[in-house]
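Asker: I would like the atomic coordinates for the input below:
(chains A and B)
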Amino acid sequence: MLKIKNLHVAIGEKEILKGLDLHIPNGKVHAVMGPNGSGKSTLSYVLAGKAGYNVTKGSVTLDGKDILSMSCNERALAGIFLAMQYPVEIPGVSNLTFLKTALNAVRSAKGLPELDAMQMLKLLKTKAKELGLSEEMLKRAVNSGFSGGEKKRNEILQMAVLEPSLCIMDEIDSGLDIDALKTVADGVNALRSENRSMLIITHYQRLLEYIRPDRIHVLNHGKIQRSGDASLALELEAEGYKLHA
Amino acid sequence: MRNAVKHILVSDSSYNLNISESGYTELLFSEGVPSDININVSITDGCRVHLLEKYDAECRVVFRYNIGKNARLVHGRLAAAHNNLVYDIFQDSDSSYDMYSLYKSSVHDTVNVHLSGEDSVCNLKSVAFLHDDSSVIAKHSVIHEAKDCTSSQYFKTVLDDNTRCDFRGNIIVQRDASGTDGKQLCKTLMLSDDAKMNAVPKLEIMNDNVKCSHGNTIGSLDENAVFYLCSRGLSAYEAKKLLIDGFVREIIDDIPDAEWKEHFNV
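Answerer: Coordinates of the predicted model:
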């Protein structure tokens, strides 16, 4: 259960989020839609703990734990995962080494034993295959030279492997063709579960045809302006965001 | 390559080594080593040799390597003590020479590779990991004396604390060396505001029919990459370690000897 109360966030002197409230119960998928510059990416970064975003007021808890006092990696270990709009390319670090290090960090935080190299490889191969990622891509450097679609699928692969309790997806549909969009959406849908909540950030209704949200929120001027069920997306698609400007 | 293994614990001030069969040689510079040493190494035509120099003690060594026709030398250097090293390396035609150097403490290193025979190839790859107040001066020159030779210099440095590194890379193409292909690249990762890097690339070209390039980058750790790794559960320390390892990985992966690779790991 994610609870955001009256969240105010500034970058430097500029206030971006101005009193945002959002509750996502376990097992639910919520979507946040909004025009460019409305604060969507700021919301995702501030939840993940990126430096440079100053929380000036408000609180955020995940399953009752205050996450704002945690460092970025403590939040990941507490179950927060952010699938990024622009996954970072890391030359020289193999996807395999990275996933192995991350999974063992998450497992030991959960009190689970670390996986050995063979168990890890087997798990990663299975998950990668489900997402249409080749074994060769596991050996390549993290996101280096990956196409837009491969980068997004690699994000979902990490999510599938790390099994977070809160999945935040920041415009995972950007730059995807129809087939890749379907693969990514299938990957996300496979992860829907009773004890996992999801926050999907997007501009477009199209993604939400593939991942049906339980609830949709319209973010503009740093606040949730309106909330509704899945049909709100269709209305926004037809009318645009001008009603919420 | 571990047939014909030879370990030499350097204890005299002068050596003449004639290597006339393919194999592996290790030169160890440990405690008790003379402070000034001269070593001549000759590799017979056609031999394939792996040679490792390992420094655990302070010393000054002047080397002369002769690499015969169609011979191949893979040369590892692990400098972890205060060393002053001077090399003149002569390559005969069709020879190939790969040097992998690791600097972990203050070293003054002068390397002159003479591509004296046609169609010879040399690749100098170096990694410097420096801490505290270590300082490295590396003057690497490749002198193209004959036609159709290929050379590359790749120098990667990770500087922390109060360290300092000077890299003077030089490609000299002499008048008769047409068909030369020479490359030089220096990349530096700065982990501290107090560290200093001085990279001076130099090309002296006296022939028109050549292909030469040089490049140089100096930067710090990519904060977005650190955030990306931390957001997957890695501590800031683990994330930085992985990124530093990634920075030098392309050189380490290229090392043909598995045991040498271990020494180069972060």
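Asker: Show me what from the stretch 101-250 of chain B comes close to chain A.
Answerer: By CB under 8 Å from any CB of the partner chain, the part of the stretch 101-250 of chain B that sits against chain A consists of B:222-225, B:227-236, B:238-239, B:242-243, B:245-250. No exception for glycine: its C-beta is placed from N, CA and C like everyone else's.
Asker: Out of these, which sit inside helices?
Answerer: B:223-225, B:227-230, B:236, B:238-239, B:242-243, B:245-250 (DSSP state H).
Asker: before we move on, back to that, just the buried ones from the residues of the stretch 101-250 of chain B next to chain A, in PyMOL syntax?
Answerer: Command for PyMOL that selects the buried part of these, burial taken from 16 or more other CB atoms under 10 Å in any protein chain shown:
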select buried, chain B and resi 225+227+228+229+230+231+232+233+234+235+238+239+242+243+245+246+247+248+249
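Asker: Quick check: chain neighbours aside, which residue is closest to the residue of the stretch 101-250 of chain B found nearest chain A?
Answerer: Residue nearest to chain A within the stretch 101-250 of chain B (CB to the nearest CB): B:G246, separated by 2.9 Å. Among residues not flanking B:G246 along the chain, A:G92 sits closest, at 2.9 Å (CB to CB, 6 or more residues apart in numbering or on different chains).
Asker: on contacts alone, who are the packing partners of the helix or strand containing that neighbour?
Answerer: Assigned by DSSP states H and E, A:G92 belongs to strand A:90-94. Judged by 3 or more CB pairs under 8 Å, 6 or more residues apart in numbering or on different chains; DSSP states H and E, the packing partners of strand A:90-94 are strand A:141-142, helix B:223-230, helix B:236-252.
Asker: following the helix or strand in which A:K127 is found, which helix or strand shows up next?
Answerer: Here A:K127 is covered by helix A:117-130, with elements defined by DSSP H and E. Later in the chain than helix A:117-130, the nearest helix or strand by DSSP H and E is helix A:135-139.
Asker: which parts of that following helix are buried?
Answerer: A:137-138.
Asker: Now do it: everything it contacts.
Answerer: Helix A:135-139 has contacts (CB atoms under 8 Å, 6 or more residues apart in numbering or on different chains) with A:94-96, A:99, A:124-125, A:128, A:146, A:150, A:154.
Asker: Stretch B:93-101 now?
Answerer: Stretch B:93-101 is contacted by residues B:67-77, B:79, B:89, B:91, B:109, B:111, B:113, B:117-127, B:146, B:251, B:254-256, B:260, B:264 when judged by CB under 8 Å, 6+ apart.
Asker: roughly how far is it from the heart of the chain?
Answerer: 11 Å (CA atoms, centre = their mean, to the nearest Å).
Asker: what's the closest non-adjacent residue to B:S141?
Answerer: B:N170 (4.0 Å).
Asker: what helix or strand is that neighbour on?
Answerer: strand B:164-173.
Asker: Remind me what that strand packs against, helices and strands.
Answerer: strand B:121-130, strand B:135-144, strand B:150-159, strand B:180-190, strand B:196-205, strand B:210-220.
Asker: which of the residues in the second one are buried?
Answerer: By that I understand strand B:135-144. B:135-144.
Asker: out of the residues you listed, what pair is the most spread apart?
Answerer: B:S135 and B:H144 (29.8 Å; CB to CB).
Asker: pLDDT weak spots in chain A?
Answerer: A:243-245 (pLDDT under 70).
Asker: which residue is nearest the middle of chain B?
Answerer: Closest to where the C-alpha atoms of chain B average out (CA atoms, centre = their mean) is B:S101, at 3.4 Å.
Asker: re earlier: in a markdown table: the helices and strands packed on strand B:164-173, plus mean pLDDT.
Answerer: Putting the helices and strands packed on strand B:164-173 into a markdown table (pLDDT from 0 to 100) gives the following:
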| stretch | mean pLDDT |
| --- | --- |
| strand B:121-130 | 97 |
| strand B:135-144 | 98 |
| strand B:150-159 | 98 |
| strand B:180-190 | 97 |
| strand B:196-205 | 96 |
| strand B:210-220 | 96 |
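Asker: doesn't B:V113 make contact with B:C122?
Answerer: Yes. Counting by CB atoms under 8 Å, B:C122 sits close enough to B:V113 to count as a contact (5.1 Å).
Asker: any common contacting residues for those two?
Answerer: B:89, B:91, B:97, B:142, B:151.
Asker: Closest one of those residues to B:H50?
Answerer: Using CB to CB, the shared contacts of B:C122 and B:V113 come closest to B:H50 at B:Y97, 11.9 Å.
Asker: For chain A, which residues are neighbours of chain B?
Answerer: So far as CB under 8 Å from any CB goes, chain A lies against chain B at A:48-51, A:71-73, A:75-77, A:81-82, A:84, A:87-88, A:90-93, A:97-98, A:101-102, A:105-106, A:109, A:141, A:158, A:162.
Asker: do that again at 7 Å, thanks
Answerer: A:48, A:50, A:72-73, A:76-77, A:82, A:88, A:90-93, A:98, A:101-102, A:105-106, A:158, A:162 (CB under 7 Å from any CB of the partner chain).
Asker: Inside strands: which ones of these?
Answerer: Applying DSSP state E to the residues of chain A next to chain B, the entries found in strands are A:82, A:90-93.
Asker: Take these and lay them out in TSV including neighbour count.
Answerer: Listed next are those as TSV, based on neighbours: other CB atoms under 10 Å in any protein chain shown:
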residue	neighbour count
A:L82	28
A:I90	23
A:P91	16
A:G92	20
A:V93	24
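Asker: now, the most widely separated pair of those?
Answerer: Farthest apart among those - using CB to CB - are A:L82 and A:G92, which lie 23.0 Å from each other.
Asker: Could you measure from the residue of chain A positioned farthest from its centre over to chain B?
Answerer: What lies farthest from the middle of chain A is A:M118; by CA atoms, centre = their mean that is 28.5 Å. Distance, A:M118 to chain B, using CB to the nearest CB, to the nearest Å: 20 Å.
Asker: Residue ranges in chain B under the pLDDT threshold?
Answerer: B:1-4, B:266.
Asker: run the last query once more with 90
Answerer: Within chain B, the segments meeting pLDDT under 90 span B:1-5, B:80-82, B:250, B:259, B:263-266.
Asker: picking up where we left off before, separate out the buried members of the contacts of helix A:135-139.
Answerer: Judged by 16+ other CB under 10 Å, buried ones among the contacts of helix A:135-139: A:94-96, A:99, A:124, A:128, A:146, A:150, A:154.
Asker: from those residues, which is closest to A:D21?
Answerer: A:N154 (32.6 Å).
Asker: what sits against the closest one?
Answerer: Going by CB atoms under 7 Å, 6 or more residues apart in numbering or on different chains, A:N154 touches A:87, A:133, A:143, A:146.
Asker: Can you give me the buried ones in whatever helix or strand it lives in?
Answerer: Using DSSP H and E, A:N154 maps to helix A:148-162. Neighbour-count burial for helix A:148-162 flags A:149-162 (criterion: 16+ other CB under 10 Å).
Asker: First-to-last residue distance for stretch B:201-219?
Answerer: 17 Å (CA to CA, to the nearest Å).
Asker: Check stretch A:206-223 too.
Answerer: Using CA to CA, the two ends of stretch A:206-223 sit 23 Å apart.
Asker: Stretch B:90-103 now?
Answerer: Stretch B:90-103: ends 23 Å apart by CA to CA.
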